[in-house]
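Asker: Kindly return the folded structure for what I paste below:
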Amino acid sequence: MTVDSELPAPPVRREGPMDPPSAFRRLRAEAPISRFRWPNGIEAWLVTRFDDVRAILNDPRVSVNRFASRPPSLSIGRKGGVMLPKSLSGMDPPEHTPRRALYVRELTVRRVQRLQPRITEIVDGLLDGMERSGSPVDLVEAFAAPIPSMVICELLGVPQEDQSEFQHHTNTIMGVDTPADQVQTATLTLMDYLRGLIRMRRSDPGDDILSRLTHGEIDGATMDEDELVGHAMLLLIAGHETTANMIALGALTLLEHSDQIAALTADPKRADNMVEELLRYHTVVQYGLVRKVTADLPIGDVVIREGDWVVCSLASANRDESVCPHSDTFDTGRENPRQVSFGYGSHQCAGQNLARLELKTALVRLFQRFPGLRVERPLEELPFRTDAWVYGMQELLVRW
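Answerer: All right, here's what the predicted structure looks like:
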């Protein structure tokens, strides 16, 4: 790609906490695939329409390998992190294909449904704790953040006696204000713990995803320890922060649309639709998915050249008016809300069935237990994670 110093910066500023940047609306209408210069000096194409995003994410001419050269970056978030072992998120076919098959097999709808009783037990236990402590309560700290951490402990087969410490390190890593040195220490500690757990599961497998991945074979051989640690950390990081923030944002959104809560708690089918609408309305992976083009890629009126970077804006795609009329309106009664919040194609989130189940269980049980739930502060005073890759809430004080 030729360097053009006059290119604008990509839109990142939100006018309000419930909507992505309004500039996306103009881009979808006038320039759906446009070049921008990212703050780190790298040029990339920004893709904003639903169909174009899906086409690119599903095309074999795009790569997820971001390490061959410097990708576009907003230079946000915490500095000084730990380089994690390679995992599914950084692999292309054919390396990616058999590993994803092992992963997806563990997270099918049927297998995830087996976790429903335990997820309900976890959610109800946290609601019991909220009830005992009395209001006001920070819904992020007391409810939204612990749920995915506790569920992931179950998935990985973390022994009960280790779960408290495991969750402590997880919360340290995910904390938006945690100093970089503490994040690094907690990450290395968790990686060391996972190595020990993997060695244990090699000799004494349990009924958990880590045991089955440890003994799963690719071309007649099991994966090495580093790779297994990478896959486990991917599950931990990808499955915790996104789900926790969706639970908090989902609760806030329903409280802002309180007329839709009664139907949600009374009708399970409405609850399933609500989850899809929430995923469409709030795209927590707010800055998009980065891809490298490996061969010239014609799309729409543009030819993206080999070697160019592409950023697919999931947030813009989810508000595409051509796919979803009145896309800026939250409506749990919307029929078949289509969304790309989990990505698309061969790298679509393998844990999406689990995320849906956690989100549905958490919100339905929350409003069944506390039908009089209300937010302590006005929307404009609530603290949001605007400078993080995963959008969400720093705190959500509620009363009942």
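Asker: Scan this structure for its longest helix.
Answerer: Secondary structure of the chain per DSSP state H: the longest helix is helix 225-256.
Asker: and for the helix or strand just after it, what are the contacting residues?
Answerer: Per DSSP states H and E, helix 225-256 leads on to helix 261-266 as the next helix or strand towards the C-terminus. Residues outside helix 261-266 that contact it (Cβ atoms under 8 Å, 6 or more residues apart in numbering) are 254-255, 270-271, 274, 332-333, 363-364, 367-368, 371. All C-beta spots, glycine's among them, are computed from the backbone N, C-alpha and C.
Asker: Now do helix 261-266, average pLDDT.
Answerer: Over the span of helix 261-266, the pLDDT mean works out to 82.
Asker: which strands and helices sit next to the helix or strand just after it?
Answerer: Toward the C-terminus, helix 261-266 is succeeded by helix 268-281 as the next helix or strand (DSSP H and E). Applying 3 or more Cβ pairs under 8 Å, 6 or more residues apart in numbering; DSSP states H and E, one finds that helix 268-281 makes contact with helix 225-256, helix 261-266, helix 352-369.
Asker: if we can go back for a sec, buried ones in the longest helix of the chain?
Answerer: When burial is assessed from 16 or more other Cβ atoms under 10 Å, helix 225-256 yields the following buried residues: 227-255.
Asker: what do you get for stretch 110-123?
Answerer: Of the residues in stretch 110-123, 112, 115, 119, 122-123 count as buried by neighbour count, 16+ other Cβ under 10 Å.
Asker: residue ranges with poor pLDDT in the stretch 51-200 of the chain?
Answerer: Applying pLDDT under 70 to the stretch 51-200 of the chain flags the ranges 66-69, 74-82, 176.
Asker: Strands of that one, start to end?
Answerer: According to DSSP state E, counting those that start in this stretch, the stretch 51-200 of the chain carries its strands in the segments 62-63, 137-138.
Asker: Given the last one, what are its sheet partners and their directions?
Answerer: Strand 137-138 has its sheet partners listed here by DSSP bridges as strand 397-399 (antiparallel).
Asker: ditto for the first one
Answerer: Strand 62-63 has its sheet partners listed here by DSSP bridges as strand 289-293 (antiparallel).
Asker: Next secondary structure element downstream of the partner strand?
Answerer: Next in sequence after strand 289-293, counting helices and strands by DSSP H and E, comes strand 297-299.
Asker: What lies in contact with that next one?
Answerer: Counting by Cβ under 8 Å, 6+ apart, the neighbours of strand 297-299 from elsewhere in the structure are 33, 47, 52, 55-56, 59, 61-62, 303-305.
Asker: Using JSON lines, please lay out those together with distance to residue 168.
Answerer: As requested, the contacts of strand 297-299 are arranged in JSON lines below (distance: Cβ to Cβ, whole Å):
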{"residue": "33", "distance to residue 168": "44"}
{"residue": "47", "distance to residue 168": "39"}
{"residue": "52", "distance to residue 168": "42"}
{"residue": "55", "distance to residue 168": "43"}
{"residue": "56", "distance to residue 168": "39"}
{"residue": "59", "distance to residue 168": "42"}
{"residue": "61", "distance to residue 168": "43"}
{"residue": "62", "distance to residue 168": "38"}
{"residue": "303", "distance to residue 168": "50"}
{"residue": "304", "distance to residue 168": "44"}
{"residue": "305", "distance to residue 168": "47"}
